[in-house]
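>>> After the sequence you'll find the predicted model.
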Amino acid sequence: MANTKLASDYARQVTVIDHPMVQHKLSILRDKNTSSKQFKELVKELAMFEGYEATRHFQLQPVQVDTPICKTTAYTLKGRKVAVVPILRAGLGMVEGILELVPAARVGHIGLYRDPETHQPVEYYCKLPEDIDTREVLLVDPMLATGGSAVAAIEFLKRRQVSSVKIRLLVIIAAPEGIKAVLDHDPAINIYTCAIDERLNEKAYIVPGLGDAGDRIFGTK
Ligand code: PRP
Ligand code: URA
């Protein structure tokens with residue numbers, strides 16, 4: 001958990017999930033010797049932990065329940081509609097974890113890849129639920145590096161009338177540069193991450209990071 005100074009600068013918009021179980025799993029995820037199978041499982045589990053934090057603001061309503069012992073007032077979620085939107089490809093690895101938590105969520109997809117030379121995002125696909133503007137959106141991608149992909153995805157959502165305050169960006173590792181880029185672009189976005197790392201290297205990879213998340217999830221390298 002490097003960069004505690006940065007975490008406090010952005011404390012209002014950025015939540016670092018510092019739970020010991022999350023930090024333990026993140027250490028295994030970073031390890032270059034972790035298999036693709038275990039990597040995928042960990043990405044899913046970490047997404048679920050982040051999902052808990054990112055839905056903390058959901059409201060509850062009282063309901064009457066008969067337990068085997070007596071009647072009681074219990075609480076259920078009050079009418080929130082959720083969409084989970086992965087940024088392809090690596091974001092796909094986080095979808096299942098969120099759906100275990102919010103099974104009724106609809107799934108949209110935004111296809112972006114980083115040009116290896118310019119590091120700029122290139123768009124290739126966007127399919128979102130028709131009523132996306134009425135939903136709370138959990139935008140998921142394991143890596144927030146330069147922030148270019150996240151900013152482009154946020155723009156796709158805003159073009160479909162999703163308000164900034166309804167967009168929560170869930171990443172597993174963030175670089176300071178990426179957090180700054182997203183919040184300079186739109187200061188109302190809430191970001192959830194398991195760690196804020198030190199910096200980007202000359203190839204715009206996060207240091208220390210975990211390497212290429214898409215390749216490690218899908219075993220493509
Ligand atoms: C990775 C990652 C993010 C992006 C982050 O995807 O999953 O989408 O890079 O970098 P940025 O913040 O500098 O935009 P990549 O472009 O490698 O595509 P992939 O998921 O298909 O592997
Ligand atoms: N994309 C990744 O998968 N890893 C990084 O470190 C940066 C961008």
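That came through, no problem. Not measured: the values here are computed from a predicted model. Ligands and ions are numbered 1, 2, ... in the order given.

>>> Spit out the contact partners of the residue nearest to the spatial centre of the chain.
Nearest to the mean C-alpha position of the chain, by C-alpha atoms, centre = their mean, lies L170 at 1.7 Å. Applying C-beta atoms under 8 Å, 6 or more residues apart in numbering, we find L170 in contact with A47, E50, G51, A54, M94, I98, L138, L139, V140, D141, Y192, T193. For every residue, glycine as well, the C-beta is placed using N, CA and C.

>>> Greatest separation within those: which pair is it?
In the contacts of L170, the most distant members under the criterion C-beta to C-beta are I98 and T193, with 15.0 Å between them.

>>> if we can go back for a sec, for the residue nearest to the centre of the chain, give its distance to D184.
Using C-beta to C-beta, to the nearest Å, one obtains 20 Å as the distance from L170 to D184.

>>> try Q13
According to C-beta to C-beta, Q13 and D184 sit 11 Å apart.

>>> Which of the contacts of L170 sits closest to ligand 1?
Each of these was checked against ligand 1 using C-beta to the nearest ligand atom; the closest is D141, at 4.6 Å.

>>> close enough to count as contact, the closest one and R89?
No: with contact defined as C-beta atoms under 8 Å, D141 does not reach R89; the gap is 9.6 Å.

>>> Counting neighbours, go ahead and name the busier of these two.
Set side by side, D141 and R89 show unequal neighbour counts under other C-beta atoms under 10 Å, the larger going to D141 at 27 against 18.
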